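**Q** Sequence and computational prediction follow.
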Amino acid sequence: MKIVIVGGVAGGATAAARIRRLDEHAEIVVFERSGYISYANCGLPYYIGGIIKDPEDLTLQTPESFYSRFHISMKVHHEVTAIHPENKTVSVKNLKTGELFEEPYDKLLLSPGAKPTQPRLSGVGLDKIFTLRTVEDTLRIKEFIDKHHPRSAVLAGGGFINLEMAENLRNLGMEVTIVQRPHQLMTPFDADMAALIHNEVRKHGIRLALGQTVEGFEEKDGGIEIKLQDAASLRADMVILAIGVTPETHLAKEAGLALGIKGSILVNDRMETSVPDIYAVGDAVQVKHFVTGEDTLLSLAGPANKQGRIAADNICGGDSRYQGSQGSSVLKVFSMTAATTGMNETQAKSAGFDVDKVILSPMSHASYYPGGKLMTMKVVFEKETWRLLGAQIIGYEGVDKRIDVLATAIRCGMKATELKDLDLAYAPPYSSAKDPVNMAGFLIDNLKTGLVKQWYLEDIENLPRDGSITLLDVRTPEEYRRGHLDNTLSIPVDELRERLSELDRHKRIYVICQSGLRSYLATRILSGNGYDCYNFAGGYRFYEIVTQDRLLSESATACGMDQ
């Protein structure tokens with residue numbers, strides 16, 4: 001059996017190695033258009049920033065090492081230009097020699113990936129404007145920086161690549177501005193959680209132009225002028241374009257394969273295309289979202305590698321199935337870690353779910369052990385069924401551990417209330433006896449049993465101002481003086497029982513504290529004494545970060561730039 005694979009990075013390289021492990025005698029040929037195989041896309045910004053010193057560390061295998069270990073022919077600088085299903089051949093061009101030839105196959109696997117979205121804007125082709133997708137792109141950017149020592153950069157797009165690039169360029173001493181059409185960075189996060197990311201990048205001197213649209217580029221005064229819609233132009237010594245990716249599917253389209261959303265390749269759960277003996281994996285294919293069951297595109301390395309393994313199994317006569325993607329991801333933002341899995345609140349509502357959420361700020365490990373830091377967790381679930389839909393965590397140490405637990409819980413179909421029952425490892429340097437994931441489960445269980453009722457940041461603007469309710473702040477007087485909601489009565493939680501007479505039993509009481517814990521205790525005191533009360537989700541700390549971010553973003557939108 002002869003297997004031809006188009007694309008030798010994540011999905012293609014994984015499939016090739018798996019096929020060899022399953023079939024010692026198969027003939028396997030991989031065609032890769034670039035000069036590198038099996039490289040780590042996610043590590044590219046860290047080479048530019050000097051964190052990864054040796055460019056060879058970016059490639060997990062070379063064509064020579066791959067052949068030595070697996071006896072697989074990895075042909076780099078070879079571009080497949082056409083697929084001929086009727087003859088079971090592909091047309092190939094050797095990009096170094098110009099040679100054209102036909103390659104037959106018994107099974108064909110497409111792993112072409114995705115290409116950076118290139119908007120039709122004036123000036124996109126200027127030599128100081130870069131995209132970052134391949135090792136060659138990385139070396140080109142690194143060479144430019146080493147040779148020209150640019151002092152400023154504008155990054156168009158606020159996703160994973162540009163957040164990583166922003167950190168690395170800033171660490172090189174460059175002035176960095178991120179321009180993003182949505183009013184937030186990192187759209188896999190809800191806007192309230194993204195505010196914590198905004199706060200971190202601003203703290204490190206990165207300027208944000210959110211809600212701004214790039215209209216074009218012009219070379220001017222030795223740099224690049226970035227023209228914005230309805231805002232003053234920006235100037236920089238270089239530009240990185242990372243506004244999204246587009247499935248690389250022209251070969252599939254020309255060969256008559258069925259296509260899905262945004263021109264992606266349509267596959268079934270065995271990674272089979274609409275044409276017999278042709279499989280496809282990775283960023284180019286349409287998949288099912290694990291939580292919603294809806295069609296989606298998710299460009300992540302983990303799913304691509306899993307799909308490569310599944311396709312290999314089926315090529316070799318097995319019956320492996322891809323269960324869907326849930327978008328689990330993690331990102332380093334300077335000293336902070338941001339992670340997400342499943343659906344965020346915005347996505348869940350758009351998908352038609354009736355959702356609720358809890359927001360909490362637990363410590364990364366036992367508070368009495370030195371070095372613990374707060375993390376902010378947002379867990380989204382479906383009302384009535386209590387089905388766990390998604391989670392977002394932003395903090396420092398231990399974020400990746402908790403998001404992986406929650407991702408596993410979603411994959412196993414757990415209800416959000418069952419998080420309280422998970423038996424998780426504990427020692428003071430690593431966690432608390434009540435792990436943050438357990439704490440989320442306790443909160444949700446309290447909602448289910450009616451032990452607590454919540455109110456949210458989005459409720460503040462709509463609360464009646466006619467004196468028919470009471471806003472109660474149960475923090476200390478010192479905390480209250482540093483900042484509080486308007487028209488709030490201050491009674492510290494430890495004084496609440498003795499001062500109940502100051503509260504009108506006929507008014508609904510909305511309680512707030514710094515993180516949500518003391519206000520929860522206050523609601524239990526109030527409920528036990530016959531008051532109708534609600535606990536603020538996230539606490540004043542969360543409210544302050546989100547509202548300050550909104551003020552900064554609105555101000556920046558008005559003048560076109562963060563100050």
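**A** Arrived safely, thanks for sending.

**Q** Show me the strands in the stretch 451-563 of the chain, by range?
**A** Ranges of strands in the stretch 451-563 of the chain, per DSSP state E, counting those that start in this stretch, are 454-455, 469-473, 488-490, 508-512, 533-536.

**Q** Give me the angle between the longest helix anywhere in the chain and strand 469-473.
**A** Counting residues, the longest helix found in the chain (DSSP state H) is helix 539-559. With axes from the mean of the first three to the mean of the last three Cα atoms, to 10 degrees as the basis, helix 539-559 and strand 469-473 are set at 100 degrees to each other.

**Q** Can you say which of the strands of the stretch 451-563 of the chain is packed in most?
**A** strand 533-536 (a mean of 25; mean count of other Cβ atoms under 10 Å). From N, CA and C alone the C-beta is placed, and that goes for glycine too.

**Q** Which other helices and strands does that one contact?
**A** Strand 533-536 is packed against strand 454-455, strand 508-512, helix 517-528, with contacts defined by 3 or more Cβ pairs under 8 Å, 6 or more residues apart in numbering; DSSP states H and E.

**Q** For the last one, buried residues please.
**A** Residues of helix 517-528 classed as buried by neighbour count (16 or more other Cβ atoms under 10 Å): 517-523, 525-527.

**Q** Among those residues, find me the one that's closest to A366.
**A** A366 has its nearest neighbour among these in L517, at 15.3 Å by Cβ to Cβ.

**Q** Using JSON lines, lay out the helices and strands packed on strand 533-536 together with mean pLDDT.
**A** Below are those laid out as JSON lines (pLDDT from 0 to 100):
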{"stretch": "strand 454-455", "mean pLDDT": "98"}
{"stretch": "strand 508-512", "mean pLDDT": "98"}
{"stretch": "helix 517-528", "mean pLDDT": "97"}
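
**Q** for those, which one sits closest to L100?
**A** strand 454-455 (65.5 Å).

**Q** what does that closest one contact?
**A** Contacts with strand 454-455, where a contact means Cβ atoms under 8 Å, 6 or more residues apart in numbering, come from 356, 358, 447, 510, 534-537.

**Q** next one: that strand to chain centre, how far?
**A** Put simply, strand 454-455 sits 27 Å off its chain's centre (Cα atoms, centre = their mean, to the nearest Å).

**Q** partners of it, with directions?
**A** strand 533-536 (parallel) (DSSP bridges).

**Q** any idea of the mean pLDDT for the partner strand?
**A** Throughout strand 533-536, pLDDT has a mean value of 98.

**Q** Residues contacting it, please?
**A** By Cβ under 8 Å, 6+ apart, strand 533-536 touches 452-457, 472, 508-513, 516, 519-520, 522-523, 526-527, 543.

**Q** Can you give me the buried ones in stretch 265-273?
**A** In stretch 265-273, counting by 16+ other Cβ under 10 Å, buried: 265-267, 270-273.

**Q** Farthest-apart pair in the residues you listed, please.
**A** I265 and R270 (13.5 Å).

**Q** now the angle between strand 508-512 and the longest helix of the chain, please.
**A** Going by the same axes, to 10 degrees, helix 539-559 makes 80 degrees with strand 508-512.

**Q** Helix 539-559: how far from the chain's middle?
**A** Worked out by Cα atoms, centre = their mean, helix 539-559 lies 22 Å from the chain centre.

**Q** and if you look at stretch 297-311?
**A** 16 Å.

**Q** Report the rounded mean pLDDT for it.
**A** 94.

**Q** Quick one: closest of the strands of the stretch 451-563 of the chain to V154.
**A** From the strands of the stretch 451-563 of the chain, taking Cβ to Cβ, the stretch that ends up closest is strand 533-536, at 38.3 Å.

**Q** got the CA coordinates for the closest one in CSV?
**A** Below are the C-alpha coordinates for strand 533-536, written out as CSV (Å, rounded to 0.1, in the frame of the first residue of the first chain):
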residue,chain,number,x,y,z
CYS,A,533,-30.6,38.7,49.3
TYR,A,534,-28.3,38.2,46.4
ASN,A,535,-24.5,37.6,46.2
PHE,A,536,-22.4,39.5,43.6
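
**Q** I'd guessed K332 sits against N171; true?
**A** No. With contact defined as Cβ atoms under 8 Å, K332 does not count as touching N171 (11.8 Å).
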